[in-house]
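S.K.: What shape does this take:
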Amino acid sequence: MLVKTFSSAVYGINATTVTVETLVCPGIHYHIVGLPDSTIKESLHRIESAIVSAGYRMPRQKIVVNLAPADIRKGGSAYDLSIALGILAASGQIHEPLLTDYIMLGELSLDGNIQPVKGALPVALQAKQDGLKGIILPIANAREAAVVQDLDVLAASNLQDVIHFFNEQQKLQQIRIDIEDEFLHHINNYEVDFADVKGQENIKRALEIAAAGGHNVILIGPPGAGKTMLAKRLPTILPPLHLDESLETTKIHSVAGQLSALSSLMTVRPFRAPHHTTSDVALVGGGSSPQPGEISLAHHGVLFLDELPEFKRSVLEVMRQPLESRSITISRAKFSVDYPASFMLIAAMNPCPCGYYNHPEKECICGSAVVHRYLSRISGPLLDRIDLHVEVTPVDFNELSSVKNAEKSEIIRERVIQARKIQAKRFVNFADIHNNAQMNTPTVRQICQVNRSGKQLLQTAMERLGLSARAYDRILKVSRTIADMDGSEEIETRHLAEAIHFRSLDRENWAG
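M.R.: Numbers count the residues shown, from 1 in each chain. Here you go, the predicted model:
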């Protein structure tokens, strides 16, 4: 007897519905075809034990399972549940009329329990698009799938419950989530706040500018100056996620298996901080079965690279293309997958190996050649993609002991939101530009016009401070953001002066 059930394959952050055709006929041996990987080929051993544990029998006949379409590779253990139900239906042990209404996902344990899988959200979105009634999946994945409205999301803990459901002996738990309530309730759920930071007003100002224009930042300062503490608070002043941004970010984390059983929708911008020993594959994504890397997990959020010069040069260089294109393509011999990677980069570093170059109190023991060699670990092309270079100095005792309340993140965020609204209006006719940091050179020339006094200031800065040519466009972009924060239509001299102040690493002889 031939029976069809449905499962799904995830490629990148999108899913493709897979038809599981199961035939039980006279003969011997089990066969799974349709480009399955070793995990799927091994599934019949798990399935047999699970069926027996549920009180049913495994047919002692020839079983052929075809995963269609047969020209795309299938991988993972999520097909266990669909194959098991196909075998039971094809052998006449369960009713089959309802089988084609649902996509079924789940890895089976030997005792019949259903284990969680990756990618439940993109699968649920595809099930709705294909017009299916619902999706049956493990309890641990139910909340993320329930984000999809107008789709029956049924949660099961073991195979026996699913069998009883199709035999109409009991119902499965249907999970429902009010997506708007869920989104709005947790939208400001941050554990840190800029109000906790004593002093560092110049650095707070730089991070506010970065958030307002979507600019990448590098913080340079001695150990203990507060670089990491400040970086962790950057997401708290970014504009809240829009619902479509939240869904896209949640899909990436779902595919990567990063969502907990209690999670449904990511409502705050992600903050990823990989260790400096991370590999290039871990950072940008990949592997034999490609998975999203840290830059994709930071999509619509912040990627923080602490101790930047300590990262391997090859790791840093692979970020150059994603920083420009805001996506990453992982190519293999027979297929390729695309992952979005639109993130803000914030990096932190010591100014020298000992950490005390330019320190107001402690003496640096590194020679100028050592400092230059240390800074040269960061390539010019990567530095070219960072708009703000900010020197962080230690906070003195008077500021640390002050009882004065610092400005809260929500107040700073309101100013950032207003600046982003101005940019959204400005770039409404630009398909791939949403903030000032994303402007290309022709757009900078068109948008960032300066008057005669502004040009004179730029010329003076280039000559006297020894600013590099690559600093020119960056200064214009940042000054445009500062003007937006001031509500000014024109870029004024004071806006340019502040932008020039944040180009430390472009100054000649900065390191001696």
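S.K.: Quick check: end-to-end length of stretch 33-48?
M.R.: End-to-end span of stretch 33-48 (CA to CA, to the nearest Å): 18 Å.
S.K.: how about that stretch: buried residues?
M.R.: 34-36, 39-40, 43-44, 46-48 (16 or more other CB atoms under 10 Å). In this view, the C-beta of every residue, glycine as well, is placed from N, C-alpha and C.
S.K.: Need the max-distance pair from those.
M.R.: Greatest spacing in the buried residues of stretch 33-48, by CB to CB: L35 and E48 (22.4 Å).
S.K.: so who does Q126 touch?
M.R.: When the contact criterion is CB atoms under 8 Å, 6 or more residues apart in numbering, the partners of Q126 are 8, 14-17, 103.
S.K.: wait, V147
M.R.: 121, 124, 177, 179, 182, 247, 250, 264-265.
S.K.: show me the residues around the residue positioned nearest the centre of the chain that make contact.
M.R.: The centroid of the chain falls nearest to L297 when counting by CA atoms, centre = their mean (2.3 Å). Shown in contact with L297 (CB under 8 Å, 6+ apart): 252-253, 256, 258, 270, 272.
S.K.: Kindly supply the PyMOL command isolating those of those that are buried.
M.R.: Buried residues among these (16+ other CB under 10 Å), as a PyMOL selection:
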select buried, resi 252+253+256+270+272
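S.K.: just for the stretch 401-512 of the chain, where's the confidence low?
M.R.: When residues are selected by pLDDT under 70, those of the stretch 401-512 of the chain lie in 469-470, 506-512.
S.K.: Quick check: Y356 touching V371?
M.R.: No - judged on CB atoms under 8 Å, Y356 makes no contact with V371 at a distance of 10.7 Å.
S.K.: Find the residues that touch each one of these two.
M.R.: Here Y356 and V371 share the contacting residues C364, scored by CB under 8 Å, 6+ apart.
S.K.: Tabulate the contacts of V147 (a markdown table), appending pLDDT, neighbour count and distance to P240.
M.R.: Shown next, in a markdown table, are the contacts of V147 (pLDDT from 0 to 100; neighbours: other CB atoms under 10 Å; distance: CB to CB, whole Å):
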| residue | pLDDT | neighbour count | distance to P240 |
| --- | --- | --- | --- |
| L121 | 94 | 28 | 20 |
| A124 | 96 | 28 | 24 |
| I177 | 86 | 19 | 19 |
| I179 | 77 | 17 | 15 |
| E182 | 71 | 17 | 14 |
| L247 | 90 | 19 | 14 |
| T250 | 93 | 23 | 15 |
| S264 | 79 | 21 | 17 |
| L265 | 83 | 21 | 13 |
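S.K.: Could you measure from the closest residue in space to H164 that isn't next to it in sequence over to D161?
M.R.: Nearest residue to H164 in three dimensions, chain neighbours excluded: Q170, at 4.5 Å (CB to CB, 6 or more residues apart in numbering). Separation of Q170 from D161 (CB to CB, to the nearest Å): 7 Å.
S.K.: where's the residue lying closest to K408 once chain neighbours are set aside relative to I412, distance?
M.R.: In space, and not counting its chain neighbours, K408 is closest to A195: 4.5 Å by CB to CB, 6+ apart. Distance, A195 to I412, using CB to CB: 10 Å.
S.K.: Compare neighbour counts for those two and give me the winner.
M.R.: I412 (22 against 16; other CB atoms under 10 Å).
S.K.: Confirm that that one sits in a strand.
M.R.: No - the assignment for I412, made by DSSP: H, G, I helix; E, B strand; the rest coil, is helix rather than a strand.
S.K.: Next up, the contacts around the closest residue to it other than its chain neighbours.
M.R.: The shortest distance from I412 to any non-neighbouring residue, by CB to CB, 6+ apart, is to I237 (4.5 Å). Residues near I237 by CB under 8 Å, 6+ apart: 194, 207-208, 211, 409, 412-413, 416.
S.K.: Then T249?
M.R.: With CB under 8 Å, 6+ apart, T249 has these contacts: 241, 266, 269-270, 299-301.
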